[in-house]
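# the amino acid sequence is not available; the structure is as follows:
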């Protein structure tokens with residue numbers, strides 16, 4: 001499949017491809033990174049929101065005033081400067097879409113960290129809403145529609161998110177009236193060489209799972225379609241459909257056998273048999289084993305008016321089918337621990353809750 005030309009390249013120049021425009025933005029932004037002795041010069045640090053292998057995310061409030069933000073920190077000894085700048089630039093370029101987490105102006109660096117600010121999502125990530133069971137059908141459809149629009153926006157600009165999963169979907173209100181896709185650390189221009197994931201992931205499509213190092217595949221929007229399909233299954237059931245999209249995983253083998261049987265059996269294997277035919281048809285398109293014929297994310301819109309088979313006892317069991325958001329800004333300036341998290345890169349202390357912003361450290 002030939003990579004399509006983006007409708008609007010990252011920097012808006014119709015004569016410039018996305019990769020070239022992004023590289024030019026990275027070079028321009030490199031001279032605009034503000035050095036700080038400490039992040040406390042500009043922010044009141046409130047509490048940790050999450051952490052990863054290469055950094056962490058803090059809830060912070062600008063000392064100059066304004067709403068609280070999610071401050072993403074990346075360790076300078078672990079993350080190349082160009083990687084930090086690329087993520088920041090991509091975030092700034094796509095922040096106009098409400099389905100993508102807004103990256104705020106002003107990249108920073110301290111002696112230990114690169115940093116930038118994003119919107120703060122008070123209801124955390126989608127994973128936190130799926131602790132025991134899936135969401136009601138109305139909420140699943142709200143999530144589906146918003147993420148489909150966000151991915152189509154990225155793809156129209158020649159970018160592929162490449163990390164669509166519940167942890168990277170940020171929730172702004174309990175009814176999922178607004179959700180936003182975050183963590184653009186793996187987002188690359190379409191066609192970029194992409195290796196297999198370093199460890200088996202339930203969100204990776206078969207074409208990546210089949211790869212053996214050092215082989216790569218050109219990055220395609222079909223990867224995001226697969227991720228969206230898996231994410232919607234998670235949102236509806238609170239579980240992944242398989243551990244890895246590769247034999248001999250029994251759940252994936254059962255699904256793949258059903259997908260490739262001709263004629264196709266009318267009844268899909270469990271747990272797919274819980275979905276109504278319109279939802280099954282949507283999953284069949286998004287999770288097509290062949291990336292060349294996989295449905296684009298906007299295929300979701302054609303199924304929104306149909307019954308997906310998720311109503312009934314679930315609504316009653318969940319009450320309103322919503323989760324509560326965090327309240328207040330407790331633990332503000334929490335002693336020396338925040339100082340250690342930011343300026344000394346000490347080991348994590350306190351809560352190890354899930355990542356609750358789109359700036360999840362990679």
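Sure, I can see it. Computed from a predicted structure; not experimentally measured.

# from here on, contacts and neighbour counts on C-alpha atoms
Fine.

# quick one, helices of the protein?
Using DSSP state H, the helices of the chain run over 18-30, 81-93, 137-156, 206-209, 222-237, 250-260, 277-286, 313-318, 337-339.

# which stretch among the ones you listed comes nearest residue 178?
Comparison of these against residue 178 by Cα to Cα identifies helix 137-156 as nearest, at 7.6 Å.

# list the helices and strands the closest one packs on?
strand 179-181, helix 222-237 (3 or more Cα pairs under 8 Å, 6 or more residues apart in numbering; DSSP states H and E).

# same question for the first one, mean pLDDT?
For strand 179-181, mean pLDDT is 98.

# stretch 78-93 too?
97.

# do stretch 135-153 as well
Averaged across stretch 135-153, pLDDT comes to 98.

# pull out the buried residues from that stretch.
Of all the residues in stretch 135-153, those buried under the rule 16 or more other Cα atoms under 10 Å are 135-153.

# residue ranges in the protein under the pLDDT threshold?
For the chain, applying pLDDT under 70 flags the ranges 1-15, 312-324, 326-362.

# break it into its domains for me.
Using automatic domain parsing, the domain parsing of the chain gives 26-122+327-344, 128-318.

# with distance to residue 16 added, can I get the ones you listed in TSV?
Putting the domains of the chain into TSV (distance: least, Cα to Cα, whole Å) gives the following:
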stretch	distance to residue 16
domain 26-122+327-344	15
domain 128-318	11
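
# can you tell me which of those domains is nearest to residue 19?
Closest to residue 19 of the domains of the chain, according to Cα to Cα: domain 128-318, at 5.6 Å.

# now do the closest one: distance to the chain's middle.
12 Å (Cα atoms, centre = their mean, to the nearest Å).

# quick check: phi and psi on the residue of the chain most remote from its centre?
Here the centre of the chain is the reference, and by Cα atoms, centre = their mean the most remote residue is residue 263, at 35.8 Å. Backbone torsions for residue 263, taken as degrees, to the nearest 10, come to phi -70, psi 150.

# tally of neighbours for the residue nearest to residue 87 when sequence neighbours are not counted?
Residue nearest to residue 87 in three dimensions, not counting chain neighbours: residue 185, with 5.3 Å by Cα to Cα, 6 or more residues apart in numbering. Summarising burial for residue 185: neighbours were counted as other Cα atoms under 10 Å, giving 20.

# ranges for the strands of the stretch 1-150 of the chain?
Along the stretch 1-150 of the chain, counting by DSSP state E, counting those that start in this stretch, strands occupy 34-35, 43-51, 55-62, 69-75, 108-109, 113-118.

# I appreciate the help and will end here.
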